[in-house]
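In: dropping a prediction and its sequence here:
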Amino acid sequence: MFNLEGTLLGFIGGNSSRPKAIVLGVEDEQIAITLPKELRPFITRSVSAGDRLRCIGSTQVDFQAGVIRLKSHQVFVLPPVEQESPPVSAVPAQPRASSPGQRLARVPRLADTPFYVRVSRNKGRK
């Protein structure tokens, strides 16, 4: 089984309306993946070169030819990759207590960024 995600580079074989395979760009490699017969008439209408795809399928090893053949069972169209913006600050700003009677208590969170809650020292005292 394989699960590959990459950019569609083009189609291979058959006529232009029913290609037999797609060429997927994964990292710096070009990988040919055979399409199932049921999907061939619809793929050219659904996607075009440059679209991001995820292909799930099976592999078949041909030991005599020394080739691994990939046959897709499912093809998913993925949303385009957004460019990441650089972080605003590498170190989060530390909040300060607003009065001498208050202190900051750290509350654990699932995220990596710290989260602070104001806690009064004199709570419950008169």
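Out: Structure received. Numbering: from 1, shown residues only.
In: and the gap between Gln64 and Ile12?
Out: As judged by Cβ to Cβ, to the nearest Å, Gln64 and Ile12 stand 22 Å apart. C-beta here means a position set from N, CA and C on the backbone, and glycine is covered the same way.
In: of those two, who's got more company?
Out: Neighbour count, other Cβ atoms under 10 Å: between Gln64 and Ile12, Ile12 has more, with 14 against 5.
In: that one touches Gln30, doesn't it?
Out: No: between Ile12 and Gln30 there is no contact under Cβ atoms under 8 Å: 10.5 Å.
In: list the residues that contact both of the two?
Out: Val23 (Cβ atoms under 8 Å, 6 or more residues apart in numbering).
In: all strands for the chain, in order.
Out: Assigned by DSSP state E, the strands in the chain fall at 2-12, 21-26, 29-34, 52-62, 67-78, 102-106, 116-120.
In: quick one, which of those is nearest to Thr44?
Out: Evaluated with Cβ to Cβ, the strands of the chain place strand 2-12 nearest to Thr44, the distance being 6.9 Å.
In: give me the buried positions along the closest one.
Out: 6-9, 11 (16 or more other Cβ atoms under 10 Å).
In: need those in CSV with distance to Cys55, can you?
Out: As requested, the buried residues of strand 2-12 are exported to CSV (distance: Cβ to Cβ, whole Å):
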residue, distance to Cys55
Gly6, 8
Thr7, 12
Leu8, 10
Leu9, 13
Phe11, 14
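In: possible to save the residues you listed as JSON lines with pLDDT and distance to His73?
Out: Formatted as JSON lines, these follow (pLDDT from 0 to 100; distance: Cβ to Cβ, whole Å):
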{"residue": "Gly6", "pLDDT": "95", "distance to His73": "17"}
{"residue": "Thr7", "pLDDT": "95", "distance to His73": "20"}
{"residue": "Leu8", "pLDDT": "95", "distance to His73": "17"}
{"residue": "Leu9", "pLDDT": "95", "distance to His73": "21"}
{"residue": "Phe11", "pLDDT": "93", "distance to His73": "18"}
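In: farthest pair in those residues?
Out: Within the buried residues of strand 2-12, Gly6 and Phe11 form the most distant pair, 14.5 Å apart (Cβ to Cβ).
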